[in-house]
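K.L.:
no FASTA, just this:
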């Protein structure tokens, strides 16, 4: 088993070969294009809405705030909303790539390990037991619930002699998801207030999140992204199999623990701030992998950038699709994204890990 994997590793082009240089140049150009798309999506997010504000006026209001209605919309509503969308998009895109690689499951997303359900259960319990109904109040409970759920899943998956494996992680995550979703359902059936708040939060939205929420989750996302970058070389080795990774000098348990912690921080912070936004962490890694291949040193930045672009575009669509009303970004991603992802997974080369 080890010899074929090592043979495949030897067949890859050397880092200084013309093929590798060309591929690296394409990847850099792709990142520049993604940055341009992200900039365009951010501009649209600040300008487009129930009231359209031209870009020159946006710049004028940023440099010379006049306290008017347009200035309030730009500075206090749309810019924090756009910044939060970028943070959540990057976090969920990277978390999805980590999840698919660690579980070797092409249809895995950041909710697979029960992390999102841990955050949901903690939010509902904070409402039911403590009467907390503001986003700034229960964001800390959501983070704590996500982290506790991830620790429990990793502990359950580490029970065997070989430590956590892709199979045991998925099984432990499924068990934790069933337990936490059952507790959450029981509470929302008993308490109307918990049901009302949970129902809105559960959809997944960027509406009503102000700058204080951004500063609350930013440190967790930053640490999660740092851990993800540290985890990338180890994931490249784990892709060859645990035995090969061990033979190459990788500490498999430490690599998996680092990846699970990064997933917990990224998913927990995102779910705490905006609710469980589906599909994003599922699609962005597949689109990134189609361009970068399996190298996680490139896959993770691409997945994060694509996640940010997708969520901003979906949010803009949600603002204009109903005219004067608004559709939450979670609904837009589910309605528009699910059929597109079905078409993608039918192409075998996109789902092979």
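P.N.:
Arrived safely, thanks for sending. All of these numbers come straight from a predicted model, not from anything done at the bench. Numbers count the residues shown, from 1 in each chain.
K.L.:
Just the strands from the stretch 201-350 of the chain, written as ranges.
P.N.:
Using DSSP state E, counting those that start in this stretch, no strands are assigned anywhere in the stretch 201-350 of the chain.
K.L.:
OK, contacts around the residue lying closest to residue 217 once chain neighbours are set aside?
P.N.:
Closest residue in space to residue 217, ignoring its immediate chain neighbours: residue 269 at 4.0 Å, by CB to CB, 6 or more residues apart in numbering. In short, each C-beta sits where N, CA and C put it, glycine included. Shown in contact with residue 269 (CB atoms under 8 Å, 6 or more residues apart in numbering): 91, 143, 146, 217, 220, 221, 224.
K.L.:
Can you add neighbour count and give these back as a markdown table?
P.N.:
Converted to a markdown table, the contacts of residue 269 look like this (neighbours: other CB atoms under 10 Å):
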| residue | neighbour count |
| --- | --- |
| 91 | 34 |
| 143 | 23 |
| 146 | 32 |
| 217 | 28 |
| 220 | 22 |
| 221 | 22 |
| 224 | 26 |
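K.L.:
just curious, which of the residues you listed is nearest to residue 69?
P.N.:
Nearest to residue 69, judged by CB to CB, of the contacts of residue 269 is residue 217 at 28.6 Å.
K.L.:
how close does the residue nearest to residue 217 get to residue 28?
P.N.:
29 Å (CB to CB, to the nearest Å).
K.L.:
Also residue 148?
P.N.:
According to CB to CB, residue 148 stands 40 Å off from residue 28.
K.L.:
Show me which of those two is the more surrounded one.
P.N.:
In this view residue 148 and residue 28 are compared by other CB atoms under 10 Å, and residue 148 has more residues nearby, 19 against 11.
K.L.:
wait, what's in contact with the more buried one?
P.N.:
Counting by CB under 8 Å, 6+ apart, residue 148 touches 118, 122.
K.L.:
again, only using 7 Å
P.N.:
Taking CB atoms under 7 Å, 6 or more residues apart in numbering, we find residue 148 in contact with residue 118.
K.L.:
what do you get for residue 283?
P.N.:
Residue 283 makes contacts with 337, 341, as judged by CB under 7 Å, 6+ apart.
K.L.:
give me that answer again for 10 Å
P.N.:
93, 96, 109, 303, 306-307, 310, 333, 337-338, 340-341, 344-345 (CB atoms under 10 Å, 6 or more residues apart in numbering).
K.L.:
buried subset of those residues?
P.N.:
Among those, the ones that count as buried by 16 or more other CB atoms under 10 Å are 93, 96, 109, 303, 306, 307, 310, 333, 337, 341, 344.
K.L.:
mind giving me JSON lines with those and columns for distance to residue 262 and pLDDT?
P.N.:
Putting the buried ones among the contacts of residue 283 into JSON lines (distance: CB to CB, whole Å; pLDDT from 0 to 100) gives the following:
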{"residue": "93", "distance to residue 262": "13", "pLDDT": "94"}
{"residue": "96", "distance to residue 262": "12", "pLDDT": "91"}
{"residue": "109", "distance to residue 262": "15", "pLDDT": "78"}
{"residue": "303", "distance to residue 262": "13", "pLDDT": "94"}
{"residue": "306", "distance to residue 262": "18", "pLDDT": "95"}
{"residue": "307", "distance to residue 262": "15", "pLDDT": "94"}
{"residue": "310", "distance to residue 262": "20", "pLDDT": "93"}
{"residue": "333", "distance to residue 262": "22", "pLDDT": "88"}
{"residue": "337", "distance to residue 262": "24", "pLDDT": "75"}
{"residue": "341", "distance to residue 262": "23", "pLDDT": "70"}
{"residue": "344", "distance to residue 262": "25", "pLDDT": "65"}
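K.L.:
What is the nearest of those to residue 291?
P.N.:
residue 306 (9.0 Å).
K.L.:
show me what contacts the nearest residue to residue 262 once chain neighbours are set aside?
P.N.:
Distance criterion CB to CB, 6+ apart; nearest residue to residue 262, sequence neighbours excluded, is residue 227 at 3.8 Å. Contact analysis of residue 227 by CB under 10 Å, 6+ apart lists 94, 98, 257, 258, 259, 260, 261, 262, 263, 264, 265, 266.
K.L.:
Kind regards, and thank you for your time.
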